[in-house]
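Participant: Could you work out the structure for the sequence below:
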Amino acid sequence: MQQHFSRLFSKGGLSMDRLRTLCDLEAAGSYARIAPDDRARQSLFSRQISELEEFFGGVELVTRSGRGIEITKAGRELARTARAHFRQLEDFLTEHSGQSTEFHIAAGNSILEWTVIPRLAAIRRKHPGITFRFTDMRSSDIVEALREHRVDFGVLRANTVTHPLKQRKAGSFGYRIYGPAGATETDLLKLPMALMGSGEFRRSVEDLMASARIPMAVAYECQSHSQCALLVKEGVAATVLPDLAADVMKGYPSIQPPWLRKYKREMAVAWRIKTETSAKSRLAKIVEDALAG
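Facilitator: Numbering: from 1, shown residues only. Okay, the predicted model is just below:
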């Protein structure tokens, strides 16, 4: 172990500042995005990456093509390793300085609004040492963010969780068609539709309606279920929403036709927290239990 450390620190070029620059570059994709309109800082960052490459024996961390750059596989691996160590140092600082413990949680926007936030709302009253940061992400992006230690927990489709992530079941939900106040059940399949613009959910709904020979006129393409729900409340469209929307759509007519009843999603809580601090581990378990419902 001592020989290993002496090899690491036998020459200059390795520093937390340089590793942070690599992490920032890997997230931003270019020096210009890290330091817009500051050519001097961009040059500094480029030099820091070159120094890291030299320190690690000439390994290529970025490839340069004209004015553009791309992080190499080795660069992404080093950034992921550095990010994990930075998180462990933050955990140590939190443990021994009395600061709040922050958990960064990622999920789709409607999952955040209708499931995650309600489940976590009461935790901080019991545990004031916890703070939360929420980010709207698709399931595939959550998996990558967890692997790279950019988020602590993800609530996502169970079939997207892969090794080395850990997971717990967080329930399942189906879908219903909702319409404006006063609409009859017959009206719901005749109204203009509001649906999310792309992705597996949109394709599945289109396929299900096509198989049931139900014409679908999409008048509003939205980025979230929440936007679709708002259009229903405005009285201009019907939409397909998860069962999770039952509370926010209370009082609005809904149906669940046989062709839609079989469409369900299994959800999971996934994480990749590695910490040696007992306090962080204990609080993480509290958050995990709450998210799993």
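
Participant: And the strands in the stretch 51-200 of the chain?
Facilitator: With DSSP state E, counting those that start in this stretch as the criterion, the stretch 51-200 of the chain has strands at 62-65, 68-71, 101-107, 130-136, 153-157, 166-173, 175-178, 193-196.

Participant: Pick the most buried one from these.
Facilitator: Among those, strand 153-157 has the highest mean neighbour count (mean count of other Cβ atoms under 10 Å), at a mean of 25. Heads up, the C-betas are built off the backbone N, CA and C, glycines and all.

Participant: and that strand, how far from the chain's centre?
Facilitator: Centroid separation for strand 153-157 versus its chain: 7 Å, with Cα atoms, centre = their mean, to the nearest Å.

Participant: Adjacent strands (with direction) for it?
Facilitator: Using DSSP bridges, strand 153-157 pairs in its sheet with strand 101-107 (parallel), strand 265-271 (antiparallel).

Participant: Pass me the low-pLDDT residue ranges in the stretch 151-293 of the chain, would you?
Facilitator: Within the stretch 151-293 of the chain, the stretches with pLDDT under 70 are 273-279.

Participant: what's residue 243 in contact with, if anything?
Facilitator: Shown in contact with residue 243 (Cβ atoms under 8 Å, 6 or more residues apart in numbering): 173, 174, 175, 176.

Participant: Walk me through the domains of this structure.
Facilitator: Following automatic domain parsing, one gets these domains for the chain: 2-79, 100-173+267-292, 175-261.

Participant: Residue 89: which of the ones you listed is closest?
Facilitator: Residue 89 sits nearest to domain 2-79 of all the domains of the chain, at 8.5 Å, using Cβ to Cβ.

Participant: mean confidence score for that closest one?
Facilitator: Averaging pLDDT along domain 2-79 gives 82.

Participant: Centre of the chain to it, how far?
Facilitator: Distance of domain 2-79 from its chain centroid, counting by Cα atoms, centre = their mean, is 25 Å.

Participant: What's the local residue count around the closest residue in space to residue 54 that isn't next to it in sequence?
Facilitator: What sits nearest to residue 54 in space, not counting adjacent residues and going by Cβ to Cβ, 6 or more residues apart in numbering, is residue 13, at 5.6 Å. When counting by other Cβ atoms under 10 Å, one arrives at 13 neighbours for residue 13.

Participant: Quick check: closest non-adjacent residue to residue 261.
Facilitator: Spatial nearest neighbour of residue 261, chain neighbours left out: residue 174 (6.6 Å); criterion: Cβ to Cβ, 6+ apart.

Participant: and that neighbour, how far is that from residue 287?
Facilitator: According to Cβ to Cβ, to the nearest Å, residue 174 stands 26 Å off from residue 287.

Participant: Residue 31 too?
Facilitator: Taking Cβ to Cβ, one finds residue 31 at 36 Å from residue 287.

Participant: that older thread, please give me every residue in contact with the residue nearest to residue 261.
Facilitator: Counting by Cβ under 8 Å, 6+ apart, residue 174 touches 242, 243, 256, 260, 261, 263, 264.

Participant: Hmm, residue 46 and residue 21 touching each other?
Facilitator: No - look at residue 21 against residue 46 with Cβ atoms under 8 Å: they stay out of range, at 9.2 Å.

Participant: more crowded one of the two?
Facilitator: Shown here are residue 21 and residue 46; by other Cβ under 10 Å, residue 21 has more neighbours (24 against 16).

Participant: mind checking which helix or strand that one is in?
Facilitator: Here residue 21 sits within helix 16-28, counting by DSSP states H and E.

Participant: Would you mark the buried spots in whichever helix or strand comes after that helix?
Facilitator: Using DSSP H and E, the helix or strand that follows helix 16-28 in sequence is helix 31-34. For helix 31-34, the neighbour count (16 or more other Cβ atoms under 10 Å) marks 31, 32, 34 as buried.

Participant: right, and out of these, which lies closest to residue 221?
Facilitator: Among the buried residues of helix 31-34, residue 32 lies closest to residue 221 (Cβ to Cβ), at 31.8 Å.
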